[in-house]
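Chemist: Sequence first, then the predicted structure:
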Amino acid sequence: MNRKLAFFLCLLAVGCSARVKNVTNLPPGVTQQEVIAWDSEVAALHKAAAATTALRQGVIGLEHANAFPDTVAYVAALRAVAKIDQAQLAASDYLRQAPQHFGQPQKAKVKGILDAISAELQTLNVQSMAGIKNADHQKQLTTLVSDVTAAVDIALALAK
């Protein structure tokens, strides 16, 4: 890898990992802790969305590898991923409506959305595993679902 590319990747990694630490000029009634919690939740949702993108691409790749027993199973898996995407977008949109504010009402709303995502992930895992016969393909899908689940679990922990 050339040095410029390595330097750029290092800057990108450092820049992406920096989160809100100290905020000044807060509006009345908004605490610094709420701002930090909001920022952390937004970051966690972003990571969950990235993992969901990998899951979608993995499902499509598994279809190209003929892993699904039929088109119905493949479409069901894609629908589940689409529902997860929609819920993640709903959570992100909701947080954008109240930027830098993440009190108990906002946490409860986001937690409800994340609980729905968790249920959809469980359904996707159970339904898809039933039809995939190849152990390597099952492992691949399980890993992708686990990655999204882990990211959602982090977001859920922040929403408590």
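Modeler: Yes, it's here.

Chemist: which parts of stretch 146-160 are buried?
Modeler: Along stretch 146-160, the positions that meet the burial threshold by neighbour count (16 or more other CB atoms under 10 Å) are 147, 148, 149, 151, 152, 154, 155, 156, 158, 159. The C-beta positions use only the backbone N, C-alpha and C, and glycine is treated the same way.

Chemist: Enumerate every residue touching the last one.
Modeler: Looking back up the chat, that one is residue 159. Taking CB atoms under 8 Å, 6 or more residues apart in numbering as the criterion, residue 159 is in contact with 41, 107, 108, 110, 111, 114.

Chemist: What residues of the strand or helix carrying the last one count as buried?
Modeler: Element membership of residue 114 [criterion: DSSP states H and E] is helix 104-131. In terms of neighbour count (16+ other CB under 10 Å), helix 104-131 has its buried residues at 106-107, 109-111, 113-114, 116-118, 120-121, 124-125, 128, 131.

Chemist: can you tell me which of those lies nearest to residue 30?
Modeler: Relative to residue 30, the closest of these is residue 106; by CB to CB it sits at 11.2 Å.

Chemist: For the most centrally placed residue in the chain, give me its contacts.
Modeler: With distances taken as CA atoms, centre = their mean, the residue of the chain nearest its centroid is residue 48 (1.4 Å). With contacts defined as CB under 8 Å, 6+ apart, the neighbours of residue 48 are 88, 117, 148, 151, 152, 154, 155.

Chemist: tell me the pLDDT at the last one?
Modeler: So that's residue 155. The predicted local confidence for residue 155 comes out at a pLDDT of 96.

Chemist: distance between the helix or strand harbouring it and the chain's centre?
Modeler: Element membership for residue 155, per DSSP H and E: helix 135-158. On the basis of CA atoms, centre = their mean, to the nearest Å, helix 135-158 is displaced by 10 Å from the centre of the chain it belongs to.
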